[in-house]
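Visitor: model this:
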Amino acid sequence: MTEMTKIRIAESSDQKEWIRMRKRLWPECATERHTLEMDLILASQGFVLVAELSKSHLVGFAEISIRRDHVEGTRKSPAPYLEGWYVDANYRGKGIGKALIRTAEGLSLEKGFIELASDTEVQNQSSIEIHKQIGFREVGRSVHFVKSL
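Guide: Residues are numbered from 1 along each chain as shown. Below is the predicted model:
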């Protein structure tokens, strides 16, 4: 990680940068949906971490919700869940993503949790490998369905 990068809890003033990065991670998602999901994460008693180079320049985030429903492979419920994890392309490979996760682990432990869960798309091999490199273990694969009524 670069010496100037700071990992911290997101503040309301980070909203513009947070949504910018979310749009890069999930470009197919409408702005209204991003806003809804951001509100849900904050309402879930979860937390959002940001990687900050300067006050107006964020380069990454990790969104952690607290899921109270079944979380595949976990031993306890509720469980903290890594909903989104992103580092701007120019800053990847510098340990920022790992620092975000390590900070999320620490905060989760402080809150009394014993595990951190996550997921990724089945075809996203690079994300699967990165998860494994930082200590996640794969606990299952699934295909989800929705039927309009």
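Visitor: need the longest helix for this structure.
Guide: Using DSSP state H to assign secondary structure, the helix with the most residues in the chain is helix 96-110.
Visitor: Show me what the mean pLDDT comes to for the next helix or strand after that helix.
Guide: Toward the C-terminal end, the helix or strand that comes next after helix 96-110 (DSSP states H and E) is strand 117-118. In this model, strand 117-118 has a mean pLDDT of 96.
Visitor: by contact count, what packs against strand 117-118?
Guide: Under the contact criterion of 3 or more Cβ pairs under 8 Å, 6 or more residues apart in numbering; DSSP states H and E, strand 117-118 touches strand 79-87. Using the backbone N, CA and C atoms, a C-beta is placed for each residue, glycine as well.
Visitor: Okay, helices next: where are they in the protein?
Guide: Assigned by DSSP H, the chain shows helices spanning 15-25, 31-43, 96-110, 125-133.
Visitor: List of residues touching the third one?
Guide: Yep, that's helix 96-110 we're talking about. With contacts defined as Cβ atoms under 8 Å, 6 or more residues apart in numbering, helix 96-110 is touched by 1-2, 5, 7, 47, 49, 51, 59-62, 64, 80, 82, 85, 87, 116, 130, 134.
Visitor: what comes up buried for the longest strand belonging to the chain?
Guide: Ranked by residue count under DSSP state E, the longest strand found in the chain is strand 57-67. Going by neighbour count (16 or more other Cβ atoms under 10 Å), the buried part of strand 57-67 is 58, 59, 60, 61, 62, 63, 64, 65, 66, 67.
Visitor: Tell me how far the longest helix of the chain lies from the chain's centre.
Guide: Computed by Cα atoms, centre = their mean, to the nearest Å, the chain-centroid distance of helix 96-110 equals 10 Å.
Visitor: Kindly report the same for stretch 138-145.
Guide: Offset of stretch 138-145 from its chain centre (Cα atoms, centre = their mean): 18 Å.
Visitor: cool, and stretch 116-127?
Guide: Between the centre of stretch 116-127 and the centre of its chain there are 11 Å (Cα atoms, centre = their mean).
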